[in-house]
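Undergrad: Need a 3D model of the sequence below.
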Amino acid sequence: MEAQAIAKATNVRISPRKVQIVLDLIRKQPADKAMAILKYTPKAACEPLEKLLKSAMANAENNNNMDVSRLYVDTCYVCPGPMLKRIRPRAHGRAYRINKRTSHITLVLKEQE
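TA: The predicted model follows:
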């Protein structure tokens with residue numbers, strides 16, 4: 001089994017649908033290129049993903065003794081987390097439900113042969 005470095009971010013206060021768009025951009029990319037993509041993409045999901053990628057790179061270097069220059073994003077996925085349920089007052093005493101969604105994000109880095 002080849003070495004891999006995993007980083008997870010749980011209960012991130014952003015919709016999984018918004019995170020998935022950015023994850024599709026960085027999947028199967030070298031780690032340094034993925035970092036550049038995250039830095040210059042104007043999406044809200046880029047900020048937590050950039051922190052997560054830095055964490056995964058640090059895990060690879062410190063825990064698994066992997067070469068940082070040869071890392072690439074092997075798999076990355078997002079799962080829905082718990083929903084914060086809020087209400088919005090409407091006319092005639094009604095209330096509309098607002099679901100504030102959260103995400104669990106997982107990022108796996110591997111070393112190129």
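
Undergrad: hey, let's count contacts and neighbours off CA atoms from now on
TA: Will do.

Undergrad: Nearest residue to A34 in space, ignoring adjacent ones along the chain?
TA: Among residues not flanking A34 along the chain, I26 sits closest, at 5.2 Å (C-alpha to C-alpha, 6 or more residues apart in numbering).

Undergrad: just checking, the one you found touches I37?
TA: Yes - taking C-alpha atoms under 8 Å as the definition, I26 is a contact partner of I37 at 7.2 Å.

Undergrad: so what secondary structure elements neighbour the longest helix along the chain?
TA: Ordering each helix of the chain by length in residues (DSSP state H) puts helix 46-62 first. Other helices and strands packing on helix 46-62, by 3 or more C-alpha pairs under 8 Å, 6 or more residues apart in numbering; DSSP states H and E, are strand 4-12, helix 31-40, strand 103-111.

Undergrad: now the following helix or strand past the first one, how far from the centre of its chain.
TA: Think strand 4-12. Going down the chain from strand 4-12, the next helix or strand is helix 16-26, by DSSP states H and E. Mean-position distance between helix 16-26 and its chain equals 8 Å (C-alpha atoms, centre = their mean, to the nearest Å).

Undergrad: the inter-axis angle of helix 16-26 versus helix 46-62?
TA: 50 degrees (axes from the mean of the first three to the mean of the last three C-alpha atoms, to 10 degrees).
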